[in-house]
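Visitor: need a 3D model of the sequence below.
(one chain, ligands or ions: 1)
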Amino acid sequence: MRETTPDLTRISKYMSLILRHKPEVIGIKLDAHGWADVNELLAGISRKYPINREILEEIVRSDGKQRYSFNEDGTMIRANQGHSIQVDVELSVTEPPEILYHGTAERFAASIEEKGLLPGSRLYVHLSPDTKTAEQVGRRHGKPIIYQVAAGQMHRDGYPFYLSANGVWLAKVVPVQYLKKTEG
Ligand code: HQG
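Guide: Residues are numbered from 1 along each chain as shown. As a prediction, the model looks like this:
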């Protein structure tokens, strides 16, 4: 896994904003499946950052979390997950492992232990397959804490789980009875 250079990272963050949250910042629309027209995206980004098709392909290829996908003929691009706008990225319903993890910050613990995990501004709660990833996710918000999610039990109780094209586990919510704070 290779991280992108700082300039590409800056463009990638702008792409996340456009493709997950606010396509209107460059005056484009996503279709119902979250796809943006590549030429429109390039034209929009180029008003702020130098970009061309080759650079875009390099960003998609080298992205450490594989956040973006092209369609088959390369004319469209979308974010694989993480949206706050209502799009259907055709996530596959998948049986989860027995335990998944959610990394968050200590200051959210009281609310989480009262209400369970809620998706906030995003469409889904994001869950990680291992504690290392969960810790990195949690650290983005402050002093990290990690919850174990009884995903297998939740699944047997009828809650669907989805696996994004880039390996992030997603659920609509996680009720509090399936959560356990890990020691450490
Ligand atoms: C918290 C990154 C209070 C939740 C990462 C989290 C991830 C609650 C925050 C992806 C709560 C939302 C998503 C409740 C949940 N009360 N707080 N009841 N339920 N929360 O950023 O999971 O680099 O929307 O614990 O790697 O941190 O962007 O979600 O702390 O995969 O590609 O509300 O973003 O990927 O924060 O991160 P976020 P997240 P990218």
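Visitor: so which residue is smack in the middle of the chain?
Guide: residue 82 (3.0 Å; CA atoms, centre = their mean).
Visitor: three-state assignment of that one?
Guide: Under DSSP: H, G, I helix; E, B strand; the rest coil, the three-state class of residue 82 is coil.
Visitor: return the residues in contact with it.
Guide: Shown in contact with residue 82 (CB atoms under 8 Å, 6 or more residues apart in numbering): 16, 20, 67, 122, 126, 168. Every C-beta, even on glycine, is put in place using the N, C-alpha and C of the backbone.
Visitor: for residue 134, give me the backbone phi and psi.
Guide: The phi/psi pair for residue 134 (degrees, to the nearest 10) reads phi -60, psi -40.
Visitor: could you shift the numbering so residue one becomes 706, and keep it that way?
Guide: From this message on, residue numbering opens at 706, which makes the last subject residue 839.
Visitor: now the contacts of residue 787 in a markdown table, with secondary structure and neighbour count?
Guide: Below are the contacts of residue 787 laid out as a markdown table (DSSP: H, G, I helix; E, B strand; the rest coil; neighbours: other CB atoms under 10 Å):
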| residue | secondary structure | neighbour count |
| --- | --- | --- |
| 721 | helix | 18 |
| 725 | helix | 22 |
| 772 | coil | 22 |
| 827 | coil | 16 |
| 831 | strand | 21 |
| 873 | coil | 22 |
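Visitor: I'd say residue 880 and residue 821 touch.
Guide: Yes. Checked against CB atoms under 8 Å, the pair residue 880 and residue 821 is within contact range at 4.6 Å.
Visitor: now the helices for this protein?
Guide: For the chain, applying DSSP state H gives helices covering 711-721, 743-750, 758-767, 814-820, 836-844, 856-861.
Visitor: of all the ones you listed, which one comes closest to residue 805?
Guide: helix 856-861 (4.3 Å; CB to CB).
Visitor: and for residue 786, the neighbour number?
Guide: As a burial measure, residue 786 scores 24 neighbours (other CB atoms under 10 Å).
Visitor: now it, nearest residue through space, not along the chain?
Guide: residue 869 (3.7 Å; CB to CB, 6 or more residues apart in numbering).
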